[in-house]
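Visitor: mind looking at a prediction? Sequence and model below.
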Amino acid sequence: MNNKEFIAELASRTGYTQDESQRMVKSVIELMGKSFEAGDPVSVSGFGTFEVKKRLERVMVNPSTGQRMLVPPKLVLNFKPAANIKGQVRRGGTENG
């Protein structure tokens, strides 16, 4: 599902127009981004938790040349799905199991 399809489905389910739905989704994403910049996790009930984690500095070896390189530390966005979402994925996406 791409963004356009998502917005259309959201609009049809909520009764809002597609423009209103688009603005709501943009607002949610903007607020989530501000939380990530502050280092705060974002929990979406029934879906999962997004959080910023720090990857430590590490040594990597280029497999073709054997050359060792130092990879600097960096921040990455991590997602931990809720248990019900994990279960749906394991069952192939069916809600009834």
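Guide: The structure has been received and is ready for your questions. Residues are numbered from 1 along each chain as shown.
Visitor: quick one: buried residues of stretch 45-64?
Guide: Residues of stretch 45-64 classed as buried: 48, 50, 51, 52 (neighbour count, 16 or more other C-beta atoms under 10 Å). C-betas here are computed from N, CA, C, even on glycine.
Visitor: in what helix or strand does the last one lie?
Guide: So the one you mean is residue 52. Using DSSP states H and E, residue 52 sits within strand 48-55.
Visitor: would you say residue 89 is within a helix?
Guide: Yes - with DSSP: H, G, I helix; E, B strand; the rest coil as the criterion, residue 89 is located in a helix.
Visitor: pull the contacting residues for it.
Guide: Listed by C-beta atoms under 8 Å, 6 or more residues apart in numbering, the contact set of residue 89 reads residue 81.
Visitor: how near is it to residue 81?
Guide: Distance of residue 89 to residue 81, computed by C-beta to C-beta, to the nearest Å: 8 Å.
Visitor: and if you look at residue 42?
Guide: Noted for residue 42: a distance of 13 Å to residue 81, by C-beta to C-beta.
Visitor: same thing with residue 35?
Guide: Residue 35 sits 18 Å away from residue 81, going by C-beta to C-beta.
Visitor: how near is the residue nearest in space to the middle of the chain to residue 41?
Guide: With distances taken as C-alpha atoms, centre = their mean, the chain has residue 79 as the residue nearest its mean C-alpha position (5.6 Å). Here residue 79 is placed at a distance of 10 Å from residue 41 (C-beta to C-beta).
Visitor: anything in contact with each of the two?
Guide: Common contacts of residue 79 and residue 41 (C-beta under 8 Å, 6+ apart): 49, 50.
Visitor: picking that back up, what does the strand holding residue 52 rub up against?
Guide: With C-beta under 8 Å, 6+ apart as the test, strand 48-55 has contacts from 32, 36, 39, 41-44, 73-82, 85.
Visitor: could you redo the last one with a cut-off of 7 Å?
Guide: Residues outside strand 48-55 that contact it (C-beta atoms under 7 Å, 6 or more residues apart in numbering): 32, 36, 39, 41-43, 73-82, 85.
Visitor: for the protein, what helix or strand is lowest in average pLDDT?
Guide: helix 83-90 (a mean of 88; mean pLDDT, DSSP states H and E).
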